[in-house]
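> Fold the following, please.
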Amino acid sequence: MKTGIIKSFNKRKNIGFILSDLDGKEIFFHKSAVDKPVEINSKVSYEESENHKGKIAINITIDSNGESSLKATTKSKIASSVEIIQSIASNWKLEAKLESQNNYFYHLQEVTQILDNNKYYIIGRKGSGKSSISEHIFGLKNHDTFTEKLSFKNFPFNELYGLDNQKYTAPNQYITLWKYLIYSTVARLMVMNEKIDSNVRSKLKEIYQPDPIRSLARTINNWTSAEFGATVLGTGGTFKFSKDVKTQTNNWIDRVNALEDIILEYCDDSKYFIIFDELDEDYRSIKSDEYSQYNYLLTSLFKAVQDIKYTFNTTSINICPLVFLRDDIYSLIRDSDKNKWRDFKIEIEWNSEKIRKLIAYRISKDANYNCVLDFDKAWNLIFVNNQIKAGNRQTVSVNTFDYITRSTHLRPRDFIRYFQACCEETLNRQKEKISNDTVKFVDRAFSNYLRDEIIDELTPLLPDIEEILQVISNLRKQAFSIDEFKSEYNKYLQNRTITEENIDYVLDILFKFSVLGNQNKKRLDILYFKYMQTNMNLNRDEHLIVHRGLFKALQII
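Below you'll find the model as predicted:
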């Protein structure tokens, strides 16, 4: 951690600069990285990171009365190991929205890029923390930041499929619909913004209620109704159309243009974040008849966001639509413009160092420290030992963190589940800290969790995934050749237990989701899994190896 003082802060923009104690240079920060209200001349501790503009301060702790962070911790009661373990068992959740974001969220560099309005496609694997980022941004409401989340969980997607714009061909037929929903959300947020002219707010309030959106389906039905109308400010026209929406091809375009004109004329320079999350709710098998329509809907959303960013690029208006999507779904989108989206896309990826920082952050919060402890100190608060025996003969000592990590896919959700199980078992055993025996005992329960995660993720791509996992289980080996896999797989095909005939496709999917990896020919201890590096592809000349986290669930050991 580095130290310094807050030299300047712009409350309107939520940005400022810290004067470093080390070299006397100023470093940029955003308010979202600070743990308390910001005051000029406050002494702080912080970590350095970097974005496209240069160095930035993150994970900032404001020191009480100018004292060091470590001294400041003595002013509040530090939790005992048992209390920390109880907190983890009770409060850590796989679902980000069920947790307090003050304790859950670790400020990644990627979040700063999103808040700076530079990135708005957030892509990552299931369990990688996309929802925690969206929840964090959703909670950033203040006098010049307005947020709304459009969650499509349990949403009747067929209602959206019926709202296409027939003027456009696939996959662009839903662009106008998405722009209309985004602009309608902005208009609704403008009602809550006291910086907007009161007459404008009053007119908008007639149709856009400022109350929280409790039913997205009902809201969208209302906004897209043929009877939905509003006076177009400044023109005197009436915003009302015939009920026969399908026969009026200009209907959607007229509505979007009217809302766009209102926003361009009356919107201020506040930030308006419109968050699209849980869009995978209608993700079907890629071979189903419904899949193409779902793909077109998502493609149109990405293009609508791009259009809106271009429309307001030269203005001071900050319309910030954010799309959160699983990487496996994103990879299936095919569009001639997709390569252009790279400039606006963030891929949420994790490595051991990021995970360590996340764990240290969360344990420090549960322990009631006013600063973030270094990883080893945080780890030792709840674990008996940082070394554990491993290997078939239990003769090799490995770091406890590494022992747990090898069972995971390096996702926050995996570590949360492992920690939950360890803490629950520790409480059952009435122990003060997590022992090595508990870490090993929990390994089986975690393996079953990972198997269930795999089945949930792969069912749309491989409806026979449970039977395919049984093929791997039947081999009873950690490592095997492709020919061995194909031989066992063909038995299931012959018995018609499995319907997918393209075995190469199956192997590619299993590698893509890190069910299987490659084993180095010469160094058997060197393994290659997709989650380690996203640009890896299956090497058919090397042996396949089952991911360590699935061993017990597949009865391999």
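> ok, and the helix or strand in the protein with the lowest average confidence?
Of all the helices and strands that make up the chain, strand 238-239 has the lowest average by mean pLDDT, DSSP states H and E, namely a mean of 38.
> Is K357 in a helix, a strand, or coil?
Assigned with DSSP: H, G, I helix; E, B strand; the rest coil, K357 falls in the helix class.
> Which positions in whichever strand or helix holds R362 come out as buried?
Per DSSP states H and E: R362 is located in helix 352-366. Neighbour counts over helix 352-366 (16 or more other Cβ atoms under 10 Å) mark 354-366 as buried. Yep, even glycine has a C-beta here, placed from its N, CA and C like the rest.
> Now do E194 against T459, distance only.
48 Å (Cβ to Cβ, to the nearest Å).
> who's more crowded, these two?
When E194 and T459 are compared for neighbours, T459 comes out ahead with 15 against 7, by other Cβ atoms under 10 Å.
> Verify the contact between the more buried one and I465 for me.
Yes - using Cβ atoms under 8 Å, T459 makes contact with I465 at a distance of 5.8 Å.
> Dump the buried residues of helix 352-366 to CSV, plus pLDDT.
Converted to CSV, these look like this (pLDDT from 0 to 100):
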residue, pLDDT
K354, 90
I355, 93
R356, 93
K357, 90
L358, 91
I359, 93
A360, 92
Y361, 89
R362, 91
I363, 93
S364, 90
K365, 88
D366, 91
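> From the residues you listed, pick the one nearest E347.
K354 (13.1 Å; Cβ to Cβ).
> For that closest one, give me its contacts.
Going by Cβ atoms under 8 Å, 6 or more residues apart in numbering, K354 touches L108.
> what does E353 give?
For E353, no contacting residues are found, by Cβ under 8 Å, 6+ apart.
> Relative to D335, how far out is it?
For E353, the distance to D335 equals 35 Å [Cβ to Cβ].
> what's the answer for V439, then?
From V439 to D335 the distance is 46 Å (Cβ to Cβ).
> Looking at these two, which is more packed in?
V439 (23 against 17).
> From the chain's centroid, how far away is the helix or strand where that one lies?
In this structure, V439 sits in helix 436-458 according to DSSP H and E. Computed by Cα atoms, centre = their mean, to the nearest Å, the chain-centroid distance of helix 436-458 equals 21 Å.
> I'd like the average pLDDT over it.
Here helix 436-458 scores 94 as its mean pLDDT.
> Which element is encountered next along the chain beyond that helix?
Assignment by DSSP H and E places the next element after helix 436-458 at helix 465-475.
> Just to be sure, C320 is in a strand?
Yes - under three-state DSSP, C320 falls within a strand.
> Return the distance of the spatially closest residue to it that is not a sequence neighbour relative to S134.
In space, and not counting its chain neighbours, C320 is closest to F273: 4.7 Å by Cβ to Cβ, 6 or more residues apart in numbering. Applying Cβ to Cβ, one obtains 9 Å for the distance of F273 from S134.
> Repeat that for A79.
29 Å.
> Can you pick out the residue with more neighbours from these two?
Per other Cβ under 10 Å, whichever of A79 and S134 has more neighbours is S134, with 24 against 18.
> now the more buried one: how far from A89?
S134 sits 25 Å away from A89, going by Cβ to Cβ.
> CA atoms of stretch 453-466 as CSV?
This file holds the C-alpha atoms of stretch 453-466, laid out as CSV (Å, rounded to 0.1, in the frame of the first residue of the first chain):
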residue,chain,number,x,y,z
GLU,A,453,-22.2,-25.6,-12.6
ILE,A,454,-20.9,-27.4,-15.6
ILE,A,455,-24.2,-29.0,-16.3
ASP,A,456,-26.1,-25.7,-16.0
GLU,A,457,-23.7,-24.0,-18.4
LEU,A,458,-23.4,-26.7,-21.0
THR,A,459,-27.0,-27.9,-21.3
PRO,A,460,-27.9,-25.4,-24.1
LEU,A,461,-24.8,-26.5,-26.1
LEU,A,462,-24.8,-30.2,-25.1
PRO,A,463,-28.2,-31.4,-24.0
ASP,A,464,-26.6,-34.8,-23.3
ILE,A,465,-24.0,-33.3,-20.9
GLU,A,466,-24.9,-35.6,-18.0
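> ok, the residue nearest the centre of the chain - contacts?
Taking Cα atoms, centre = their mean, the centroid of the chain lies closest to K130, which sits 0.5 Å from it. For K130, the contact set (Cβ under 8 Å, 6+ apart) comprises 122, 124, 277, 324-326, 348.
> again with D164
Here D164 is in contact with 173-174, 177 (Cβ under 8 Å, 6+ apart).
> about what we covered before: and the helix holding V439, what's buried?
Neighbour-count burial for helix 436-458 [16+ other Cβ under 10 Å]: 436, 438-439, 442-443, 445-447, 449-451, 453-454, 457-458.
> same for it, what does it pack against?
Judged by 3 or more Cβ pairs under 8 Å, 6 or more residues apart in numbering; DSSP states H and E, the packing partners of helix 436-458 are strand 387-390, helix 400-405, helix 412-428, helix 465-475.
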